[in-house]
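> 3D, please:
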Amino acid sequence: MIFWSKLRRSRGFGIHSPFAFDLVLRTLRERDHYYVYSEISRMRQEAVRNGAKDLPSEKVLRLTVRLIARFKPRRVMICGDSSGLIAGAVKLADSRISISTEGPSMVILTGHGDATEGVETAAATVRAGGVVFLLDRRKAPHAAETIRSAMQRGMTFYSRHKLLAVGARHLPRQDFEIAY
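Residues are numbered from 1 along each chain as shown. Have a look, this model is predicted:
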């Protein structure tokens, strides 16, 4: 029963918040082709040929591009991106974005050895109304719980692997378990 309700919510059924419904259908579950997808595929194939380890999947890189296009952050902090692919995807989505550790409006955590200060920055960012994207919450359950508990307002969208926390102050505090 839980599987079917999660599947239905993943397609927008049962989500009554207009913001959450739009985010699920037009960002998390978007199937249209973005202009940078072919470049992302090329970058990832090149990294595989060079023997890079712990690469994010192409699906995750595409989702990162869609999130950047949706939220339009000015500064993004990326923790645990040893391959540089996530930073490359962020720059492809919007070349004006500054990748910085100071005052980010969006934090991307890979879940692979994220530093404590990165998790603390993510919690502070979501508390201030920013966005946090945790790519692998199974490998960083403490980070996921820290981020969720830091939110007074906003919504979280989580699956078995990923967590997206939107700390916008105009949103009520809600959690959505969906497949994306």
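
> how far off centre is stretch 35-54?
Here stretch 35-54 is found 19 Å from its chain centre; the criterion is C-alpha atoms, centre = their mean, to the nearest Å.

> how about the contacts made by the residue nearest to Leu171 when sequence neighbours are not counted?
Closest residue to Leu171 apart from its sequence neighbours, by C-beta to C-beta, 6 or more residues apart in numbering: Gly154 at 5.0 Å. C-betas here are computed from N, CA, C, even on glycine. Residues in contact with Gly154, defined by C-beta atoms under 8 Å, 6 or more residues apart in numbering, are Val126, Gly129, Ala165, Val166, Gly167, Ala168, Arg169, Leu171, Arg173.

> I'd say the second one and Ala168 touch.
Yes - in this structure, Gly129 sits in contact with Ala168. The criterion is C-beta atoms under 8 Å, and the distance is 5.6 Å.

> and the contacts of Gly154 as CSV, adding secondary structure?
Below are these laid out as CSV (DSSP: H, G, I helix; E, B strand; the rest coil):
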residue, secondary structure
Val126, helix
Gly129, coil
Ala165, strand
Val166, strand
Gly167, coil
Ala168, coil
Arg169, coil
Leu171, coil
Arg173, coil
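
> just the buried residues of those residues.
Among the contacts of Gly154, those classed as buried by neighbour count (16 or more other C-beta atoms under 10 Å) are Val126, Ala165, Val166, Gly167, Leu171.

> if I look at the second one, how far off is Arg153?
In this structure, Ala165 lies at 11 Å from Arg153, with C-beta to C-beta, to the nearest Å as the measure.

> do the fourth one as well
Noted for Gly167: a distance of 7 Å to Arg153, by C-beta to C-beta.

> intersection of neighbour lists for these two?
Gly129.

> and Trp4, what pLDDT?
Per-residue pLDDT puts Trp4 at 52.
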